[in-house]
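A.B. asks: Sequence first, then the predicted structure:
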Amino acid sequence: MATKQPILGTKLNRASVQALACCGPARPLAWLRGSGRVSDTAALGSAAAGQAHQPSRRTCVKVAAGRQEAPPDPAPKRIAVKPDAASVVPEAHKVFDEIVINVKSGAGGNGEVVPAGRGRYVPNHKYKPGGNQSKTIWLPASEPGDGADGGDVVLVCDPGVDSLLHLHAGGNTGGKRAAGGAKGDAGRPTFAARDGSNANPNTGSGGPKRNAEIKKAKTPALEIPVPPGTVVKRKGTGALMGELMQPGQRLVVARGGAGGHGVMAPSREQNRARVSRAEREARNKGVEVVEVDDSGWREDVKGQPGQQLGLTLLLRVVADVGLVGFPNAGKSSLLKSLTRASPTIAPYPFTTLMPNLGVLSAGGGASKAVLADLPGLIEGAHKGRGLGRNFLRHLRRTSALLHVVDASAPDPVTDYYAVREELRMYNPDYCARPHVVALNKMDLLQAAAAATAAAAADSGAAAEAAEEAVVARMKELVAAIRGAAQAQAAEHAEHAYEGPTPVGPLSIVPCCAATGEGLKELAAALQRALGAARVAEPDVLRSAPDTLAEARGGAAEAAVEVAVEAAPLAASTARQPASGERQPVASTSGRGAAAAGVAVAGAVGAGVAMAAAGRRQAAPLGAPPPAPAGWDDGGGWGADAGDAAAELSAEELAAFNERCRSLGLIDDKGDFTGVRLPDDEEEAVAGAAAAAFAEDGSDAASPWLDAPGVSRSGAGSGVGDTGDAADGDGGGAPDWLAELEGLDEEAMAAVLAELEAEEEAEAAAAAAAAASSSSAAGSGTGRQQQQQQQPRTASTTSQRSSAHSHDVSPRNARNHDAEHNAEDDEDGEEYDDLVKMAGADDPDAALVGLSLEQLLAMEKEDWGDNGAPKGLL
Ligand SMILES: Nc1nc2c(ncn2[C@@H]2O[C@H](COP(=O)(O)OP(=O)(O)OP(=O)(O)O)[C@@H](O)[C@H]2O)c(=O)[nH]1
Ligand SMILES: [Mg+2]
């Protein structure tokens, strides 16, 4: 048996031993036996100091743990303090985005009662002999003071708070919760504001403040900080009380009770007179008077009680982009790589249980977007499976979505489709928002491909084969995802589901959160999606773009319209060889009417911005950040606009801006108005301007000053290829006005008839091609048809160009522009895919740098069966 030993030479007195005794149920002093090495506990410290100490169980456990290092002694080891299961109260699950609280506003303070007779008669200064004023007036001791109103309970939108978790702790809101935060009757956190103070008789009547006007005291409101996006409802009825969206916004949820009035108590005589008057009146009415209550005035003195109510607070995170996807797809990893957020990342599903926010600042911080990484969704999420509904509601306030798909998963396309369906079934609006697909975990695909290739070939060929396999897989995934999106839209139409038609992805970006590959492209694609969202559906919560040019700069979709409008300008810009001090043509600027049109349309904004700011290389105001080096999406980005503008010399730019101004495309301040003239007027203006330029011989030198619908293609090719950037035949064309003027009616009719016949033949050929390709192709049929049509259209156009020199009316020319630009825009989208597919180390990456003319100039044999250049698809 162990013997009792002194501890570190200290003496234990009776009190400390008794105090220590309460720590061990069976053997209070057991742990002290042989415990000469225990030196590090507060319990012992205080025991040594002879203080009465009440060690907690935790302290005992700590001591016991320390005791384990002591020489073997069975007794201390038996002090295993197991928590009593019955006494352990499990902590309630805290939901970060929903809570029910009680709020209680303060009661009003009582008013002051000044006894009758306190005061004196003072001379009345208004007294005039002969008047009806008395000589003296009664001046009470002071005006009786009113009680202070009770404190309000106010919810304040605080951007520094990102969840409702802090409210679970009874309102841990720092100094602001001085009067609140206790658990309420219903076991809910209760927030009670302070009661109003009673009127202070010391400062009220008599004394130094005599006759002073007593001001009502103010009670501070109880402020409860909540994150932006908090929705407040009444607990019982579910009635919406308000939403807090903007930082600093306040919502008074419970008003403090009004303070009581200060009252001058009636004197005995006055009271008696009142009572007798009341009695008399009652008797006159035939009412039997039993007792007369003369204390009515006392009610006025009392402050009103505060309100007490239950509130349900719901949080819907406010973010620009929501990251959605299956659990473990890498959403949090992507958020971490794209922003400075540091969410928890782990290789098991549902690591994330509450949204993580991060700010994506691209382009040197010019443009910022808040990304919300949401918990993973699973099938059935829309019905609440896996808390799906709780998570899905956080998408309500997002403008665009980022679908994160694990590209290394067995079936990434089904994963994507499943999540899309969950979104659609929860809220069809979600599927109509612009979205981007991130094919994450590329590195795993690459590793798998490398392993397979290494087994099959020698080292040199293996790397190449692996790369090819990855690219092939990516292309397959891209096509299949687009197909899945189309299938979803088709199903929506077929079953006439409620809500808007689901849209396809704006971009599909292969990337890797682990290595950082493709993240710049992903960021750029997100910015573009946001631009598209802002233009498509301006959100009152967000500031609208400053200028239309800005909006267009960020919106691929809106840019289509601009492209159509500006195509002739673009076409000529694209065709025209550099003149004067023109800078080298950017690799992207001439690759199609749509893309070039966008570029030049953007250049309007860019040029204007430059003119206004006096800077030459400025991107359009508020334009999305420039695309990363080596990356060109051609979707109407500021970078493109800047590049296109950079091609112009100063005089050209000035002339260009002047021209835009005269057409009403930009206003005096240099903002892009986007207001078009009526068609007739525009044509007239454009024609006149074109004629003027033709007259002074500047048209050849300034082809970008071309008018809408006016072709400047080669002399031999005529006007049949009006405004078509895809024809690529270059050279200055004779003015169609002059050409048409020279035609007689018969010749014109013949030309039109021929043109119609050609168009019919073309349509028939396209239909035949569509029929054949639809049987061959799977989900990506529609897009492949577009691809197939593209080179054919180009060659047909150029044939027509050489065959007919006078075969189009201005109206037809415009239609053709629109038609071709629409096609070319599709082509632009395809091109985006090609660009995305062709990585820097792709053997075919060189093709990416080619302009559309160069691509079109390629021999027909260079085009594969699917209508795309061989080697790329
Ligand atoms: N090899 C590789 N692993 C990745 C990549 N991205 C994410 N991961 C891993 O995938 C696992 C899941 O990543 P998370 O970011 O937590 O996935 P999540 O989608 O947020 O998952 P939940 O929060 O559960 O919905 C982690 O082990 C990551 O390290 C990637 O690009 N390459
Ligand atoms: Mg996560």
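C.D. replies: Right, received. Where do you want to start? Ligands and ions are numbered 1, 2, ... in the order given.
A.B. asks: Show me how the chain divides into domains.
C.D. replies: By the record's domain assignment, the chain is partitioned as 97-125+133-204+216-288+298-312, 318-494+502-535 (the TED database).
A.B. asks: highest average neighbour count across those?
C.D. replies: Mean neighbour count (mean count of other CB atoms under 10 Å) peaks for domain 318-494+502-535 among those, with a mean of 20. The C-beta positions use only the backbone N, C-alpha and C, and glycine is treated the same way.
A.B. asks: List, one by one, the residues from the stretch 251-400 of the chain near ligand 2.
C.D. replies: 332, 351-352 (CB under 5 Å from the ion).
A.B. asks: Would you mind trimming these to those in range of ligand 1?
C.D. replies: Applying CB under 6 Å from any ligand atom to these, one finds that 332, 351-352 fall near ligand 1.
A.B. asks: List just the nearest of the residues of the stretch 251-400 of the chain next to ligand 2 to Ala532.
C.D. replies: Nearest to Ala532, judged by CB to CB, of these is Ser332 at 25.4 Å.
A.B. asks: nearest spatial neighbour of the closest one, skipping sequence neighbours?
C.D. replies: Spatial nearest neighbour of Ser332, chain neighbours left out: Pro343 (4.0 Å); criterion: CB to CB, 6 or more residues apart in numbering.
A.B. asks: My guess is that neighbour contacts Leu334. True?
C.D. replies: No - in this structure, Pro343 is not within contact of Leu334 by CB atoms under 8 Å, at 9.9 Å.
A.B. asks: For those two, list the residues in contact with both.
C.D. replies: Both Pro343 and Leu334 are contacted by Asp373, under the criterion CB atoms under 8 Å, 6 or more residues apart in numbering.
A.B. asks: what residues are up against Gly499?
C.D. replies: Contacts of Gly499 by CB under 8 Å, 6+ apart are 424, 427-429, 431-432.
A.B. asks: and the residue nearest to Ser332, which of the three is it?
C.D. replies: Recorded secondary structure, Pro343: coil (DSSP: H, G, I helix; E, B strand; the rest coil).
A.B. asks: Repeat that for Glu243.
C.D. replies: Relying on three-state DSSP, one would call Glu243 strand.
A.B. asks: before we move on, the earlier item: could you dump the residues of the stretch 251-400 of the chain next to ligand 2 to TSV with pLDDT and secondary structure?
C.D. replies: Below are those laid out as TSV (pLDDT from 0 to 100; DSSP: H, G, I helix; E, B strand; the rest coil):
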residue	pLDDT	secondary structure
Ser332	92	helix
Thr351	83	coil
Thr352	83	coil
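A.B. asks: which one of these is nearest Ala447?
C.D. replies: Nearest to Ala447 out of these is Ser332 (CB to CB; 21.4 Å).
A.B. asks: State the distance from Arg280 to Arg274.
C.D. replies: From Arg280 across to Arg274, the span is 11 Å (CB to CB, to the nearest Å).
A.B. asks: Ignore what I typed, I meant Gly358.
C.D. replies: Where Arg274 is concerned, Gly358 sits at a distance of 72 Å (CB to CB).
A.B. asks: Likewise for Val413?
C.D. replies: Taking CB to CB, one finds Val413 at 88 Å from Arg274.
A.B. asks: and which of the ones next to ligand 1 among the residues of the stretch 251-400 of the chain next to ligand 2 is nearest Val437?
C.D. replies: Looking across those and measuring by CB to CB, the closest to Val437 is Ser332, at 17.4 Å.
A.B. asks: List the contacts of the closest one.
C.D. replies: Neighbours of Ser332 in contact, by CB under 8 Å, 6+ apart: 343-345, 351-352, 356, 373.
A.B. asks: Residues of this structure that sit close to ligand 2?
C.D. replies: Contact residues, the chain versus ligand 2 (CB under 5 Å from the ion): 332, 351-352.
A.B. asks: Now render those as a markdown table, adding distance to Ala532.
C.D. replies: Below are the residues of the chain next to ligand 2 laid out as a markdown table (distance: CB to CB, whole Å):
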| residue | distance to Ala532 |
| --- | --- |
| Ser332 | 25 |
| Thr351 | 31 |
| Thr352 | 27 |
